[in-house]
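Trainee: need a 3D model of the sequence below.
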Amino acid sequence: MSRKRLALSLTATLMGGAAFAEVPQVAVDIAPVHSLVARVMDGVGTPDLIVQQGASPHEYSLRPSEAKALQDADLVFWIGADLTPWLTETIETLASDAAVTALLEAEGTIELEFRESALFEAHDHGDHGAHGDEDHAEHGDDHKDHEDHAEKAHDDHEEAGHEDHGHDDHGHEEAGHDGHGHEDHEDEHAGHEGHDHGAHDPHAWLSPQNAMTWLNVIAGQLSAADPDNAGAYFANAAAGRAEIETLIGEVKATLDPVRAGQFIVFHDAYQYFEEDFDFPASGAISIGDASDPSPARIAEIQARIAEQGIDCVLAEPQFNPGLVATVLDGTEAKTGILDPLGSSLEPGSALYPQLIRNLSAALAGCL
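Mentor: Okay, the predicted model is just below:
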């Protein structure tokens, strides 16, 4: 039990067993996950958001208020070190007394491997599955790697140094990809070693199936810390899952009329959405950690647009619009904006469904 939880327990005892419930202090890494936690805590409490709207989680400097939120937290929910390796040591230092849940590691989470190449095929999503004995039997060493990834990410972080993370990402992109085509990635693990990320694509919140799983995980963790409100947490999680089920039907109806269209994304963040809705992208300008693409990668994308008559190239609000303009130069492809974090939306329980709804509307509008 953490010192904070122990103090609360002793206070309740000293009050002679009177009804006393302290709502846990909760810190969450990014807005979409914060939205899911807020949905579960609806009517009970409000979680704190660490990575503020409009910022990229791949590189971020904590403000004092965000550091304090971690320091005060009884529970921390985050995607995990695959998305924000810079946050690993910070959580261990500031939130050492908190119960920490890395959702990418939660049982039942669908995981997809990183795609390193610039061009995708319709079913080039890699093997995926949920945690558990069955999945380990099916995927073997892949999940052995995953079980060790948090510790490995922390070790890598200590070796590289927090301050150099962003520069390392860009340096590796140039060294690992400049002058090479996608055929150079035959060795999957060698390709991953060229970038400061884990084996699995961390953008797993863009799968509504994962979101429904995580609502239960979040409710379970909150209930363990705050059993007096367990009924409310699980009721909220059930309501949130029902809302997402309805959302899935809405998104399918939005995408069905434009399924013949082909699109390129800015960075490879959307394969969970693609997989859930069977709506694959044709390629990505940048890899999943949003590192600057090499000239060779940009040339591959331009060639794909010309050869296949790509309908749409989608930018993102957090990243360099000049790269999209370069890719679009000399083509007839349209452009639009995809926002995987909901940076223009108000943080809170309504953000997640609106984020997914906005992705489908932006795709349909561009195609």
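
Trainee: going forward, measure contacts and count neighbours with C-alpha atoms only.
Mentor: Noted.

Trainee: pLDDT weak spots in the stretch 1-150 of the chain?
Mentor: For the stretch 1-150 of the chain, the stretches flagged by pLDDT under 70 are 1-21, 121-150.

Trainee: where along it do the strands fall?
Mentor: 26-28, 48-49, 75-78, 99-102, 111-112, 128-129 (DSSP state E, counting those that start in this stretch).

Trainee: columns mean neighbour count and distance to residue 331 on top of the ones you listed, output as CSV?
Mentor: Listed next are the strands of the stretch 1-150 of the chain as CSV, based on neighbours: other C-alpha atoms under 10 Å; distance: least, C-alpha to C-alpha, whole Å:
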stretch, mean neighbour count, distance to residue 331
strand 26-28, 28, 41
strand 48-49, 22, 40
strand 75-78, 22, 40
strand 99-102, 18, 42
strand 111-112, 22, 31
strand 128-129, 16, 35
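
Trainee: so which of the ones you listed comes closest to residue 335?
Mentor: Between residue 335 and those, the tightest spacing by C-alpha to C-alpha is seen for strand 111-112, at 26.7 Å.

Trainee: in a markdown table, list the strands of the stretch 1-150 of the chain along with distance to residue 93.
Mentor: A markdown table is the format used below for these (distance: least, C-alpha to C-alpha, whole Å):
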| stretch | distance to residue 93 |
| --- | --- |
| strand 26-28 | 14 |
| strand 48-49 | 18 |
| strand 75-78 | 13 |
| strand 99-102 | 12 |
| strand 111-112 | 28 |
| strand 128-129 | 32 |
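
Trainee: among the ones you listed, which is nearest residue 324?
Mentor: Closest among these, using C-alpha to C-alpha: strand 111-112, at 25.6 Å.

Trainee: who are the packing partners of the closest one?
Mentor: Contacts defined by 3 or more C-alpha pairs under 8 Å, 6 or more residues apart in numbering; DSSP states H and E place strand 111-112 against strand 128-129.

Trainee: before we move on, the earlier item: of all the strands of the stretch 1-150 of the chain, which one is nearest residue 270?
Mentor: strand 111-112 (10.8 Å).

Trainee: now do the closest one: distance to the chain's middle.
Mentor: Once both centres are worked out by C-alpha atoms, centre = their mean, to the nearest Å, strand 111-112 turns out to sit 11 Å from its chain's centre.
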